[in-house]
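A.B. asks: What follows is a predicted protein model with its sequence.
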Amino acid sequence: MCGIIGYCGHRPAVPLIVEGLRRLEYRGYDSAGVAFVQGRDIEIIKAEGKLGQLDKKLEGRDIMNATSGMGHTRWATHGLPVERNAHPHLDSTGRLALVHNGIFENYQEVKDDLLTKGYTFHSETDTEVLVNLISEGLKQTGDVLKGLSWALRQAEGSYAIVLVDRENPGVLHAARKSSPLVLGIGQGENFLASDVPAFLPYTRDVVFLDDGDLVRLDASTWQVLRYDDLTPLEKKVHHITWDVQAAQKGGYKHFMIKEIFEQPKVITDCLAGRIDTAAGTARLPEIEDLPVPKRLRIVACGTSFHAGLWGMYLLEKWARIPVQVEIASEFRYRDLILDSDDVVLAISQSGETADTLAGIKVAKDLGASILGLCNVVGSSVARESDHVIYTQAGPEMSVASTKAMCSQLVALTLLALVWGRKKGVLSPEAQASAVRELADLPALLDDALPAMRDEAKRLCRLYSEAKSFLYLGRGPCFPLALEGALKLKEISYIHAEGYASGEMKHGPIALIDPKFPTFALALADELFPKVKSNLQEVQARGGPIIALTQPGVDLTVDHRWVLPTASGPMSTFLALPALQLFAYEMADYLGKDVDQPRNLAKSVTVE
Ligand code: F6R
């Protein structure tokens, strides 16, 4: 997730672009850059780090003349967060510059072809490949608009892009597919941006661009066309009334709820370039050439630990790999028995968690190899790992992790599929059906989320007086029970305990009474009959029950919260947001500081 902005108008473009980038910094901030035409050349100024670094580079530069240009604040997905990978990127001829938010999936194939045609590359980014592909399109068609359309017809993946042409500095071209881009319409000036806050001080009239839209704009005109055949399209202009803060949250009240609703997109992004539905296969290029581990230790903290625990069930079932999952703060101080046959999978959203990093160090010293599963590109966990898989969830702003866990579960599913295939223990039919179900998940979840939120709102009001909750689940639903309890306690400050359903009768059952609610995961899986009998034990003691369940499940409890049907492990991707939504709505109803709960930090860099 990056932030992009383009401007054509009558004001000095560069300061306006940098100011716009500052309002987009919440979308990611590992490097930033601007491009504008100066004399006969495109001037590109970029810097690694936060925007302040770019400000320093702009000091004393001649930047006040350009009245059009574009900028980018980066959240790395391909290539390390260093200056050479920062946007904008120039094509080999120096005529075109591009900023890009998204993932150009077939970039390697296109790059190989462009190399044979004499194009040269100076970064590791997919974006530099895309600008050169547009350059090739320009060469073939003799026109920037047609060349852009030609290139986009070959580009697979997601993109929101803005293009500057040295030969026509007062005109910008842009396009979008599966990454956000809005057009801002001003008086004698027009804007493009990933999100409305970037240009909100100048105009509130916006066009929300759709997938497949291509835009041509100058200071006084704009036109939207179909990207493939350049047919002009009619667009509705909306008048925005949000303030900047609300706009950064996409109109949502908190980042947490915005991020919960982003999960369908997060699943799509994490799968990008990693599944082939026609062939029915999953691939993780980062580990394809590595041997399948004989044994796997998963090490993580908090929500990432719960993701790892969930992954264990799938890795054992599909890839037949013995897995042990460890809390990093315990793992690091154990008298561990590890050797070079062991692979340690370190899971961390931030990649900066001190205990996870210490666990990596201990395991490395004992000769184990380290596979990192991280969200933040170039983070310490990524750098300390021998190999790394990125979850591609975009920056997570809310302290309580939601979409990052979803992306970790997707990546773990892919790992189980890839290792199961490589070991020959997962049938091609089972792989193909899992790949199909993964591909269908984003639409299924997108449809389900609004009703799930309504149900979460209704239920939390009924239980807002509760002092404590018990969360129960079995099998892969046990880590979900732990996660549901963690989410509730960390943001609503209601005590909650996650327990394995079958373990309840060994102690916690003593707590059950009519004032002590149980939140049960009773999904349509092979363990359901066992879960049902555990819930009957709760009912026999007068304990009220909310049960997350699915159509056709025979269960009578106080509140049946029926999720859509999904098969096997895919049900998790519906149950997880339900748990998150319940915690969110409860915390909001109780008036808590949802995005920044007391005593917590987003990344725990101390022991
Ligand atoms: C809970 C939460 C934390 C983190 C934990 C590990 O909502 O966010 O429990 O999951 O601090 O953080 P990472 O994944 O960054 O290592």
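C.D. replies: Cool, the structure landed.

A.B. asks: got the residues of this structure near the ligand?
C.D. replies: For the chain, the residues in contact with the ligand (C-beta under 6 Å from any ligand atom) are 301-304, 348-350, 353, 356, 400-401, 486, 490, 603-604. From N, CA and C alone the C-beta is placed, and that goes for glycine too.

A.B. asks: Compare the residues you listed and tell me which has the most neighbours.
C.D. replies: Ser348 (34 neighbours; other C-beta atoms under 10 Å).

A.B. asks: just checking, which of the residues of the chain next to the ligand belong to helices?
C.D. replies: Gly302, Thr303, Ser304, Thr356, Leu486, Glu490 (DSSP state H).

A.B. asks: Just give me the closest of those to the ligand.
C.D. replies: Gly302 (1.9 Å; C-beta to the nearest ligand atom).

A.B. asks: which residues touch the closest residue to Lys265 other than its chain neighbours?
C.D. replies: Using C-beta to C-beta, 6 or more residues apart in numbering and skipping the chain neighbours, the partner closest in space to Lys265 is Pro442 (7.0 Å). Shown in contact with Pro442 (C-beta atoms under 8 Å, 6 or more residues apart in numbering): Pro264, Lys265, Ile267, Thr268.

A.B. asks: is it true that Asp269 touches Trp75?
C.D. replies: No. Between Asp269 and Trp75 there is no contact under C-beta atoms under 8 Å: 11.4 Å.

A.B. asks: who's more crowded, those two?
C.D. replies: Between Asp269 and Trp75, counted using other C-beta under 10 Å, Asp269 has the larger neighbour count: 26 against 20.

A.B. asks: The more buried one - that's part of a helix, no?
C.D. replies: Yes. Applying DSSP: H, G, I helix; E, B strand; the rest coil, one finds Asp269 inside a helix.

A.B. asks: Can you lay out the ones in helices among the residues of the chain next to the ligand as TSV showing pLDDT and distance to Tyr499?
C.D. replies: Listed next are those as TSV, based on pLDDT from 0 to 100; distance: C-beta to C-beta, whole Å:
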residue	pLDDT	distance to Tyr499
Gly302	97	18
Thr303	98	17
Ser304	98	20
Thr356	96	25
Leu486	98	13
Glu490	96	17
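
A.B. asks: Quick one: mean pLDDT over stretch 574-584.
C.D. replies: On average, the pLDDT along stretch 574-584 is 98.

A.B. asks: who's in contact with it?
C.D. replies: Residues contacting stretch 574-584 (C-beta under 8 Å, 6+ apart): 254, 256-257, 260, 263, 400, 402, 405-406, 409, 444-445, 448-449, 452-453, 455-456, 459-460, 471, 477, 480, 483-484, 487-488, 490-492, 519, 521, 523, 546, 548, 561, 563-564, 566, 594.

A.B. asks: now the end-to-end length of stretch 233-243.
C.D. replies: Chord length of stretch 233-243, first to last residue, is 29 Å (C-alpha to C-alpha, to the nearest Å).

A.B. asks: And the contacts of it?
C.D. replies: Contacts of stretch 233-243 (C-beta under 8 Å, 6+ apart): 183, 185, 196, 200, 204-209, 213, 224-226, 247, 251.

A.B. asks: By pLDDT, give me the weakest of these.
C.D. replies: Ala247 (71).

A.B. asks: wait, doesn't that residue sit right on Phe199?
C.D. replies: No. With contacts counted by C-beta under 8 Å, Ala247 stays clear of Phe199, the gap being 10.1 Å.

A.B. asks: The two: which is more packed in?
C.D. replies: Phe199 (28 against 18).

A.B. asks: which residues does that one contact?
C.D. replies: Ile5, Tyr7, Gly20, Gly184, Gly186, Phe191, Ala193.

A.B. asks: Please spell out which residues along the lengthiest helix in the chain are buried.
C.D. replies: Criterion DSSP H: the longest helix present in the chain is helix 428-462. Judged by neighbour count (16 or more other C-beta atoms under 10 Å), helix 428-462 contains these buried residues: 430-432, 434-435, 437-438, 441-442, 444-445, 448-449, 452-453, 455-457, 459-460.

A.B. asks: Determine the three-state secondary structure at Gly475.
C.D. replies: Under three-state DSSP, Gly475 comes out as coil.

A.B. asks: Could you do the one 4 residues further on as well?
C.D. replies: Under three-state DSSP, Pro479 falls in the helix class.

A.B. asks: Equivalent analysis for Ile257, please.
C.D. replies: Strictly by three-state DSSP, Ile257 counts as helix.

A.B. asks: which one of the contacts of Pro442 has the most neighbours?
C.D. replies: Neighbour-wise, these (other C-beta under 10 Å) top out at Ile267, 26 neighbours.

A.B. asks: can you pull the contacts of that residue?
C.D. replies: Cys406, Ser407, Val410, Leu438, Leu441, Pro442, Leu445, Phe573.

A.B. asks: So which elements touch the helix or strand the second one falls within?
C.D. replies: When secondary structure is defined using DSSP states H and E, the element that contains Ser407 is helix 403-423. Secondary structure elements in contact with helix 403-423, counted by 3 or more C-beta pairs under 8 Å, 6 or more residues apart in numbering; DSSP states H and E, are helix 263-271, strand 281-282, helix 302-314, strand 369-374, helix 428-462, helix 572-589.

A.B. asks: Perfect, that will be all.
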